[in-house]
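Participant: Coordinates only, no sequence provided:
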């Protein structure tokens, strides 16, 4: 009978570990759909209006003093749903094995507006949505999710702009 205790303990701990690992989930969607490019080389240059973190600026944009004006704006919206209060968590026995106690999410968006030397305008936009279930074992740190969302927006915009290199090249040429 004593020989079964270690086996029972290992099985119990394995089940608890699998439950904690399986109860946490993260879902991310990016709009519009895109294929990730290997490297982003500058495809447009101009006077840049952007006050955010340059880690989130698409690599297809470069600063220059010419007749092109580039504006980049990002926005993040936070959302949390179904959070169970601390008092009530004490009465739910399954929270000890990591069952979700709610979810947190955010929506990230970015828009690049390019006003060409001839006055024409070109816009690129992208958005990403992330939803993550939370448990008592996971902190409510949204910084990592925000960074992941803004980087996916950046990659999406880089992909769109890389596919538009001919039009962007014409944009930088002054009208004759």
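Facilitator: Great, that's in hand. Being a predicted model, the structure only gives us computed values, none of them experimental.
Participant: So which residues of this protein form strands?
Facilitator: 26-31, 44-49, 61-63, 69-81, 102-115, 121-134 (DSSP state E).
Participant: Residue 160: which of these is closest?
Facilitator: Set against residue 160 and scored by CB to CB, those come closest in strand 121-134, at 4.8 Å. Quick note: C-beta positions are derived from backbone N, CA and C, even for glycine.
Participant: Counting by contacts, list what that closest one packs against.
Facilitator: When contacts are defined as 3 or more CB pairs under 8 Å, 6 or more residues apart in numbering; DSSP states H and E, strand 121-134 packs onto strand 26-31, strand 102-115, helix 143-162, helix 165-172.
Participant: So which of the strands of the chain is nearest residue 173?
Facilitator: Taking CB to CB, strand 44-49 is the member of the strands of the chain nearest to residue 173, at 11.7 Å.
Participant: Just the buried residues of the closest one, please?
Facilitator: 44, 45, 46, 48 (16 or more other CB atoms under 10 Å).
Participant: Show the secondary-structure elements that it is packed against.
Facilitator: Counting contacts by 3+ CB pairs under 8 Å, 6+ apart, strand 44-49 packs against strand 61-63, strand 69-81, helix 165-172.
Participant: The first one - contacts with which helices or strands?
Facilitator: Based on contacts counted as 3+ CB pairs under 8 Å, 6+ apart, the elements that strand 61-63 packs against are strand 44-49.
Participant: Can you list the strands that the strand it packs on pairs with?
Facilitator: strand 61-63 (parallel), strand 69-81 (parallel) (DSSP bridges).
Participant: Single out the most deeply packed of those strands.
Facilitator: strand 61-63 (a mean of 16; mean count of other CB atoms under 10 Å).
Participant: If anything else comes up later, I'll come back, but that's it for now.
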